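K.L.:
take this sequence and fold it.
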Amino acid sequence: MLRQRLGNLTWSWGAFYGWLAAVFCALLAAALLWLYFLNWNTMRGPAARYASLRLGREVRIDGDLAVHLFSFTPRIDVSGLKVVNPAWVGQPLAADIVHASFSFRLIPLIFGHLVLPSVEVDQPKIQVVRNARGRTNWDFGTSADGWRVPVIHHFVIRNGQLTVDDRLRKIVFVGTVSSQENAAGGNNAFQLTGQGALNGNKFLAQVRGGALINVDETKPYTFTADIHSGATHVEANGDIPNPFYLGRFRAVATFSGANLSDLYYLTGLAFPGTPPYRLSGSLTREGSVFRFSSFAGIVGETDLRGDVTVESNHGLPFVRAALRSRKLNFTDLAPLFGAPSHSRTLRGTSGTQPGSAIVAQSGRLLPDVPLHIERIRQMNADVQYDADTIRSQDFPLRDLRLHVGLDNGIMTLDPITFDFTRGRLAGSVRIDGRNAIAATDIDARLTNIRLESFVSGNPPAIEGMLEARAKLHGVGNSIHKAASNADGALTFVVPSGKFRKSFAELTGIDVLNGLGLILTNDKSDTGLRCAVAHFDARNGVLQVQQFTVDTDEVAIQGKGTVDLSSETLDMSVSGKPKEFRIGRVRAPLLVTGSLSHPDVHVKASAALVQGGIAVLLGFITPPAALLAFVDPGLQKDANCVALSRQASRGPAPVKELPVSAITQSIRRK
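P.N.:
Down below sits the predicted model:
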């Protein structure tokens, strides 16, 4: 009896499972029949809502939707695919695709591996917008490590249109994109082409590689890239170690163009202004880290080599670079400050520098070309540059050491050091670019500079050691604008030396001595006891606070202003003899005109007064007229020790020399 009941129970469970399997098969068959005869256009709404949920943007399918499931390579076709922009963009669509189709392999997908035998997109119109705050209409939280693209064996884009409006980087691109495989490239090679206009410059990019259908995921995929943007040209020949993972690649790359700063439009990195350049090296990517390693080339007439690393994993990209030149051509530094370069043009590049025509036409000594302050807010950096030697026709320079830091919109050049044959210029520059208008602070110091190294002639007109200091603060997005409202101070001190005797006499308008020495080509000198000049800067105007050049025979005093906004001079210089002089005109020398072309002349009104006195005395007795031009020479020596001490304690202090050194130098004279 028990055995019979157990048998019936076994039969009951078996029947249940049999019926369950039958029902499942029936439902599966019904589902397959439903899918086979399904009009997929009825699923456009659910499919669009699912895509909207995944993208975080409204997605619409206004055309036909067709799905061919019953194959080992199912295929999906969709027409009228549209992705709607967020309301803040102001434009309706982020993407408008006339037709798209793709197929995928079913069996690899079951095991979690997506392989796409074919992807074809017709007439896609894509719009990429980023506002000034960095918000973008395609911000889906993508990783900086690079795209992981599914395996694609046939990829075609027909008549694609791409518009990029990046208001943060101030970049606009309007162009077309297409891709295809054709026999012209050999073995049905793959080619991706983009062309259009990038910030008004003609843009063309071509990427070529082997046929995608032959890609082996275990072997590197080789490619070549050729990009033109205006005068900028980038060539690369390399491979992708893991095909379809764009987060890793390696290539030999060459960058050339008219100005390194133009690379900002391609890279988003703020490079300095330069003359034409050509640099070649190894370009690699490892996730969020890009490296341009062991590169070498030429910038203007300066050789340049080094390594650059860019890491873009967290927030702003961080650039670390170590750069070096064996020989720096000093004029190649001019574009760094917005001035034109005089270097030769490299083959294949344009020699016209941005802003060069503006500087040339304005006639200004201080460049007024706008500095791209907004760019330094797009990256952080730590850059070291060293020049072993410097070629300069104007200054006896030996080498340069420069460290540049960028930290959230604040640029520092600290230290910046030029070594002269004798002496050094060292200091720091801080540019605060966090606001729309930059604020600049400069602290520069000249030490142990020998004046005779900067003055032509044999012997030179002036000899001695110069100590100087400049501490200035200005606001503006160009050197000229910052100087036009600069506040601060400048100090110059020459504790001792020699001064051309004829020049010293002429500052006192000593006609007999000064002109006589010049006419006879007399190059004798007089002792320079000390020279001290201090300028107070207020709102771009340098006001003379102290101007003393004390020689053994003449004490020279100066006063006046230098207007950095108009770049004009309004100075007067007068010399008072320390010995008896006949033939002295008591009129100061006026230094006026522009900084680039100053004009030196005698103050006529003062000379006329002295001449009038001479005429009156001549009425009494003709020989008495000479008395108006006689100077007893009662001028005292300046207190050089006190002047030096004062210069070392002012708003732009210089190194104070020991009192003994000053007094000994005076005694030697």
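K.L.:
what sits closest to the residue positioned nearest the centre of the chain if chain neighbours are left out?
P.N.:
Centroid-nearest residue in the chain: residue 272, 3.2 Å away (criterion: Cα atoms, centre = their mean). Closest residue to residue 272 apart from its sequence neighbours, by Cβ to Cβ, 6 or more residues apart in numbering: residue 336 at 5.0 Å. Every C-beta, even on glycine, is put in place using the N, C-alpha and C of the backbone.
K.L.:
looking at it, that neighbour is touching residue 274, isn't it?
P.N.:
Yes - if you go by Cβ atoms under 8 Å, residue 336 and residue 274 touch, sitting 7.3 Å apart.
K.L.:
who has more neighbours, those two?
P.N.:
When neighbours are counted by other Cβ atoms under 10 Å, residue 336 and residue 274 differ, and residue 274 comes out ahead with 24 against 15.
K.L.:
so what's that one up against?
P.N.:
Neighbour list for residue 274: 259-261, 299-300, 332, 335-336, 341 [criterion: Cβ atoms under 8 Å, 6 or more residues apart in numbering].
K.L.:
make sure it is indeed in a strand.
P.N.:
No - counting by DSSP: H, G, I helix; E, B strand; the rest coil, residue 274 is not part of a strand but coil.
K.L.:
about what we covered before: can you classify the residue nearest to residue 272 as helix, strand or coil?
P.N.:
Going by three-state DSSP: residue 336 is helix.
K.L.:
let me know the pLDDT of residue 216.
P.N.:
We have a pLDDT of 81 for residue 216.
K.L.:
how far away is it from residue 237?
P.N.:
Distance from residue 216 to residue 237, counting by Cβ to Cβ, to the nearest Å: 20 Å.
K.L.:
kindly report the same for residue 60.
P.N.:
Distance from residue 60 to residue 237, by Cβ to Cβ: 42 Å.
K.L.:
higher neighbour count, residue 216 and residue 237?
P.N.:
Set side by side, residue 216 and residue 237 show more neighbours around residue 237, with 13 against 9, by other Cβ under 10 Å.
K.L.:
hmm, residue 249 and that one touching each other?
P.N.:
No - applying Cβ under 8 Å, one finds residue 237 not in contact with residue 249, separated by 11.3 Å.
K.L.:
quickly list what residue 127 is bridged to.
P.N.:
residue 163 (DSSP bridges).
K.L.:
tell me the contacts of it?
P.N.:
85, 89, 91, 93-95, 137, 163, 165.
K.L.:
burial count for residue 129?
P.N.:
By other Cβ under 10 Å, 20 other residues sit near residue 129.
K.L.:
can you pull the buried residues of the helix or strand where it lies?
P.N.:
Secondary structure assignment for residue 129, by DSSP states H and E: strand 118-130. Burial within strand 118-130, assessed by neighbour count using 16 or more other Cβ atoms under 10 Å, is assigned to 118-121, 124-127, 129-130.
K.L.:
which element follows that strand toward the C-terminus?
P.N.:
Next element after strand 118-130 (DSSP H and E): strand 151-152.
K.L.:
low-confidence stretches in this structure?
P.N.:
1-38, 140-146, 182-188, 337-364, 457, 501-524, 579-587, 603-634, 656-669 (pLDDT under 70).
K.L.:
now do the helices in it.
P.N.:
For the chain, applying DSSP state H gives helices covering 2-37, 44-55, 106-110, 264-267, 356-362, 479-484, 501-507, 516-519, 604-620, 640-647, 659-668.
K.L.:
list the buried residues for the second one?
P.N.:
By that I understand helix 44-55. 44, 47-48, 51.
K.L.:
circling back: and which of the contacts of residue 274 is nearest residue 439?
P.N.:
residue 336 (19.1 Å; Cβ to Cβ).
K.L.:
tell me the contacts of the closest residue to residue 128 other than its chain neighbours?
P.N.:
In space, and not counting its chain neighbours, residue 128 is closest to residue 164: 4.7 Å by Cβ to Cβ, 6+ apart. By Cβ under 8 Å, 6+ apart, the contact list for residue 164 reads 128-129, 171-174.
K.L.:
make TSV out of these and add distance to residue 475.
P.N.:
What follows is those, written out as TSV (distance: Cβ to Cβ, whole Å):
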residue	distance to residue 475
128	34
129	32
171	27
172	29
173	33
174	36
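K.L.:
before we move on, back to that, reformat the buried residues of helix 44-55 as JSON lines; add distance to residue 72.
P.N.:
Shown next, in JSON lines, are the buried residues of helix 44-55 (distance: Cβ to Cβ, whole Å):
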{"residue": "44", "distance to residue 72": "26"}
{"residue": "47", "distance to residue 72": "23"}
{"residue": "48", "distance to residue 72": "27"}
{"residue": "51", "distance to residue 72": "25"}
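K.L.:
with the residues you listed in mind, which one is nearest to residue 487?
P.N.:
Ranked by distance to residue 487 (Cβ to Cβ), those are led by residue 51 at 59.4 Å.
K.L.:
next up, the contacts around the closest one.
P.N.:
With Cβ under 8 Å, 6+ apart, residue 51 has these contacts: residue 59.
K.L.:
what's the offset of stretch 484-504 from the middle of its chain?
P.N.:
34 Å (Cα atoms, centre = their mean, to the nearest Å).
K.L.:
change the start of the numbering to 5 and stick with it
P.N.:
Got it, first residue is 5 now, which makes that one stretch 488-508.
K.L.:
using PDB, list the CA coordinates for that stretch.
P.N.:
Taking C-alpha atoms only, stretch 488-508 is exported to PDB below (Å, rounded to 0.1, in the frame of the first residue of the first chain):
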ATOM      1  CA  SER A 488      49.000 102.100 -17.000                       C
ATOM      2  CA  ASN A 489      47.600 101.800 -13.400                       C
ATOM      3  CA  ALA A 490      50.700 100.400 -11.600                       C
ATOM      4  CA  ASP A 491      51.400 101.300  -8.000                       C
ATOM      5  CA  GLY A 492      54.700 100.700  -6.300                       C
ATOM      6  CA  ALA A 493      58.300 101.900  -6.400                       C
ATOM      7  CA  LEU A 494      61.600 101.600  -8.300                       C
ATOM      8  CA  THR A 495      65.000 102.200  -6.800                       C
ATOM      9  CA  PHE A 496      68.500 102.400  -8.600                       C
ATOM     10  CA  VAL A 497      71.800 102.800  -6.800                       C
ATOM     11  CA  VAL A 498      75.400 103.100  -8.100                       C
ATOM     12  CA  PRO A 499      77.600 103.400  -5.000                       C
ATOM     13  CA  SER A 500      80.700 104.400  -7.000                       C
ATOM     14  CA  GLY A 501      82.300 104.400 -10.400                       C
ATOM     15  CA  LYS A 502      83.300 106.600 -13.300                       C
ATOM     16  CA  PHE A 503      81.400 109.100 -15.500                       C
ATOM     17  CA  ARG A 504      82.300 110.600 -18.800                       C
ATOM     18  CA  LYS A 505      83.600 114.100 -17.900                       C
ATOM     19  CA  SER A 506      82.000 115.800 -21.000                       C
ATOM     20  CA  PHE A 507      78.600 114.500 -20.100                       C
ATOM     21  CA  ALA A 508      78.800 115.600 -16.500                       C
END
